[in-house]
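1. I'd like to go over a predicted model; first the sequence, then the structure.
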Amino acid sequence: MTYDELHLFLHLSRSLHFGKTSRECHVSPSALSRTIQRLESELGRPLFVRDRRSVELAPAGEALKLHAAETLARWQALRARLSDSSERLTGTLGIFASVTACQSFLPDALASFRRRHPDIHIRLETGYATDALGMLSRGTVDVAVAALPARTPPGLVSRTLLVTPLVFVGPASDCEVSRLVDERNIPWERVPVVLPATGPGRVSAERFFRRRRVKPNVYGEVPGNEAILSLVSLGCGVGVVPKIVLEKSPLRPALRNLELEGELGDLGVGVCAEKGKLRNAVVRAFFASLEQGAQT
């Protein structure tokens, strides 16, 4: 068995979902199935118990999960030690970020890191910002760009890259939603709202409505800021997003800021990693680069 095979198995042992592991590890479902079949053939035992509705680890899978985690951790530690002893740092840095982050502030941070460590390969994955911490916990990436909660969760280390206001955004077109928010005293109980499914934006929106003793008229709950802006641009309702997302969106001409800044508070956005990852020289170098960039 190879390190790549162990990595795929370990991801699947944590996700227990062939489709999710296939997508997040960028392999086809058939290639993933063949990898698991090869491991099962090599060990002579089934690794998973599968039916149409669920996937569970078999006893041999539980044993291999422990072995794979220990083996990959030792391999990463060895690579880190060898990198530390070389003149130029090498290796791979896996980063997860939203599309907005990739198109706005992240390139500057990565450019600074690349100038300092040109031999490090950057593997960049994109998706919903709400998936960031899950990608870290599954070990799919080394660091993730995420909205930072007021307190960093135990076991994580973070570095703030920017602070942006949370804003209410509405459609720019003449529609029923626009007429409601144009009233002198906005009738919030009647205004349809598109909310983030989870995260600090959702918490701030709920706090906003509680202060007004209003039960929000929820049009929808979606996991991504880009999806919120799409629905708002169609006149489905108003939404709550970070201001930087609104400013960088290609839908900006079809949207308007409701100018209620301060009502929702600010959102810190930064880089997170599991504390154990700081044993990896590449991850340490990336965080050091962020610190050095902030001082220049």
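-> Yes, it's here.

2. Now do the helices in the protein.
-> 3-15, 18-24, 29-43, 59-85, 99-103, 106-116, 132-137, 176-181, 200-211, 225-233, 243-248, 281-295 (DSSP state H).

3. residues near residue 99, how many?
-> With neighbours defined by other CB atoms under 10 Å, the count for residue 99 comes to 17. In short, each C-beta sits where N, CA and C put it, glycine included.

4. leaving aside the residues next to it on the chain, what's closest to it?
-> The spatially closest residue to residue 99, leaving aside those adjacent along the chain, is residue 126, at 5.4 Å (CB to CB, 6 or more residues apart in numbering).

5. follow-up on the earlier one: now the helices of the chain as CSV including mean pLDDT and distance to residue 168?
-> Compiled in CSV, the helices of the chain are given as follows (pLDDT from 0 to 100; distance: least, CB to CB, whole Å):
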stretch, mean pLDDT, distance to residue 168
helix 3-15, 87, 35
helix 18-24, 86, 33
helix 29-43, 90, 41
helix 59-85, 79, 44
helix 99-103, 85, 18
helix 106-116, 89, 25
helix 132-137, 82, 24
helix 176-181, 96, 8
helix 200-211, 92, 8
helix 225-233, 94, 10
helix 243-248, 92, 10
helix 281-295, 83, 30
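
6. Any idea which of those gets closest to residue 153?
-> Nearest to residue 153 among the helices of the chain is helix 132-137 (7.5 Å), distances taken as CB to CB.

7. what's that closest one packed up against?
-> The elements that helix 132-137 packs onto, with contact taken as 3 or more CB pairs under 8 Å, 6 or more residues apart in numbering; DSSP states H and E, are strand 91-97, strand 143-148, strand 266-274.

8. Name the residues that touch that helix?
-> For helix 132-137, contacts defined as CB atoms under 8 Å, 6 or more residues apart in numbering pick out 14, 24, 96-98, 125, 127, 141, 143-147, 153, 156, 272-274.

9. I'd like to know which of those residues are buried.
-> Neighbour counting by 16 or more other CB atoms under 10 Å classes 14, 24, 96-98, 125, 127, 141, 143-147, 156, 272-274 among those as buried.

10. Compile the helices and strands packed on helix 132-137 into a markdown table and extend it with columns for mean pLDDT.
-> As requested, those are arranged in a markdown table below (pLDDT from 0 to 100):
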| stretch | mean pLDDT |
| --- | --- |
| strand 91-97 | 91 |
| strand 143-148 | 88 |
| strand 266-274 | 91 |
